[in-house]
Every structure is written in structure tokens, then in C-alpha cells.
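Asks: model the structure of this input:
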Amino acid sequence: MSLAVSPDRSVVDDLRDRIDRMQGRPSVLTLPTHSSLSGLLALQPGSSYAVDATSLALLLLSGPSAEGAWCAVVGSDRIGLEAAAEFGVDLDRTVWVPDAGADPASVVGALVDAVGVVMVDRIGLSERDAVRLRARLQRQQSVLVAVGDWPRVEARLRLRDVVWTGPQAGHGHLVARQATVEVERGGRVVGSRRLWLPAPELQVRPVGDPAGLHERIQPVREVG
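Replies: Residues are numbered from 1 along each chain as shown. Presented below is the predicted three-dimensional model:
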């Protein structure tokens, strides 16, 4: 089952003791993301990525997780285990640290040393700590996925033109969402893809995939 630790003075030692019992990581040139992003983005070991939505972070984690990589989620108590599993994250190989405590740099660094992919949710580090962590990522060939802003990333992913579907004449429930995922490198958009995030049958897939498109539902554009 997934591991969870508490933010006390021994949190780093606790993490290291637990991680010592985990399997090692294979040496690879790239790591896959969710199949819906295939051909749009592959993760480069030793690199960091910034996303503007938790759903995008889970999509990036799901590929390595499905292939057996250990992952960690740090600094978020807003992510439900069920939601992560629906995106394809293997809960049995995931370390959960809802609160990184007073020394997040040490906690994230300990995880970078031991697991394949580390997701951080709105954790701020000093420029000095960020530079040190970058060197650590490159040395360990780990991947960091940050929800929110992060310095010197390999790529940034954003959701654009979000449209919800579901209510009919103001009644009913929101059942599906479409959004365009943009990938930015070096300050310019280098690729994009329109996704169901999720589709009515709760799958994440590109718009135009014929699966599950039998339902007729009224689009409602997201505001804000």
C-alpha cells in the first residue's frame, strides 16, 4: 500500500529508512507520461517540470508509476487517493507526504535521492535550495513535477480553453471536461493537444478518440 509520513523532526530519517526498503530504479533515457500525452511529452530523467493544475501533475506521474517506478507526492492534502488511482498512479508504490514541515528542501531532497518521480504541490524553495535540488536531480536521474511556478524547468504545461459538459437547461451534474494542454519550452509553446479530462466514462483521452462519444451533452465553458 502507499506510504505516508508525518512532518516531525525525524521526517527525513523516517523517509530514508522506508525508502531503503524500496526497489531501485531502472536506468532509462526517457520516461513515459499518460498515454493521452504520448508523442507530446516524454519525461527526461534529471529534469523538472512545472504544471498549473494537479490533474496535469498526475498525468505526468501515471506513466512512470504504471511501469513500476516509485513516486512521491509532497505538500498536498488536497489529492484524494481514489482520484490519483483513476489517473493511473500505482498507490502501492507511492510515498505520500501531505506536509513537508519546516524543512521542505531536505524532505524533497531525500525523496529525489530514492524515487523515480517526485511531485511537489505549491512548495516554495529559495533560489539556493532550488539550484542544489536541480544538481541532485541530475545526479540521481530523478524527475520533479511541480504544481505551480518552479525555476529552470525543462517544460511547462498549462490547461487552456477549459469546457465542462453536463447540465441541461441549468439542471444536472458536470460529467466531463475538455481542455487543451499546452507544452511550453524556452518561453514558447511547442505543442498542444485537446483532451477529455475526463471523458463522460471517466477516462482521460484525446478529443476525437471515438470511445465513449455516444452521449449528447451540453458544453458549459469554465469561468475564471
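Asks: which element is the spatially most central residue of the chain on?
Replies: The centroid of the chain falls nearest to residue 57 when counting by C-alpha atoms, centre = their mean (1.9 Å). According to DSSP states H and E, residue 57 maps onto helix 54-66.
Asks: CA atoms only: put that helix into PDB for me.
Replies: The C-alpha trace of helix 54-66 is given here as PDB (Å, rounded to 0.1, in the frame of the first residue of the first chain):
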ATOM      1  CA  THR A  54      -3.000  19.000 -10.200                       C
ATOM      2  CA  SER A  55      -4.600  16.900 -12.900                       C
ATOM      3  CA  LEU A  56      -1.600  17.500 -15.200                       C
ATOM      4  CA  ALA A  57       0.800  16.500 -12.500                       C
ATOM      5  CA  LEU A  58      -1.000  13.200 -12.000                       C
ATOM      6  CA  LEU A  59      -0.900  12.600 -15.800                       C
ATOM      7  CA  LEU A  60       2.900  13.000 -15.700                       C
ATOM      8  CA  LEU A  61       3.200  10.700 -12.700                       C
ATOM      9  CA  SER A  62       0.900   8.000 -14.100                       C
ATOM     10  CA  GLY A  63       3.300   6.800 -16.900                       C
ATOM     11  CA  PRO A  64       6.300   6.100 -14.800                       C
ATOM     12  CA  SER A  65       4.100   4.700 -12.000                       C
ATOM     13  CA  ALA A  66       2.400   2.300 -14.300                       C
END
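Asks: from the chain's centroid, how far away is it?
Replies: 4 Å (C-alpha atoms, centre = their mean, to the nearest Å).
Asks: contacting residues around the residue nearest to the centre of the chain?
Replies: The neighbours of residue 57, taking C-beta atoms under 8 Å, 6 or more residues apart in numbering as the test, are 51, 119, 121, 145, 146, 147. (Glycine included, C-beta is placed from N, CA and C.)
Asks: in helices only, show me those residues.
Replies: Nothing among the contacts of residue 57 maps onto helices, per DSSP state H.
Asks: give me the buried entries from these.
Replies: 51, 119, 121, 145, 146, 147 (16 or more other C-beta atoms under 10 Å).
Asks: how far away is the closest residue in space to the last one that isn't next to it in sequence from residue 58?
Replies: Nearest-residue entry for residue 147: residue 121, 4.5 Å, with adjacent residues in sequence omitted and distances by C-beta to C-beta, 6 or more residues apart in numbering. Shown here: residue 121 relative to residue 58, a distance of 11 Å by C-beta to C-beta, to the nearest Å.
Asks: name the spans of the protein whose pLDDT lies under the cut-off.
Replies: 1-28, 167-173, 210-224 (pLDDT under 70).
Asks: where exactly do the strands run in the chain?
Replies: Here the chain has its strands, by DSSP state E, at 3-4, 48-51, 71-74, 94-97, 117-121, 143-147, 155-165, 176-185, 188-196, 205-206, 219-221.
Asks: for these, give me a markdown table that also has distance to residue 136.
Replies: Putting the strands of the chain into a markdown table (distance: least, C-beta to C-beta, whole Å) gives the following:
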| stretch | distance to residue 136 |
| --- | --- |
| strand 3-4 | 21 |
| strand 48-51 | 11 |
| strand 71-74 | 14 |
| strand 94-97 | 17 |
| strand 117-121 | 10 |
| strand 143-147 | 9 |
| strand 155-165 | 19 |
| strand 176-185 | 22 |
| strand 188-196 | 27 |
| strand 205-206 | 35 |
| strand 219-221 | 42 |
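Asks: domain assignment for this structure?
Replies: 3-147, 157-221 (automatic domain parsing).
Asks: among these, which is the most enclosed?
Replies: For the domains of the chain, the largest average neighbour count (mean count of other C-beta atoms under 10 Å) is found in domain 3-147, namely a mean of 18.
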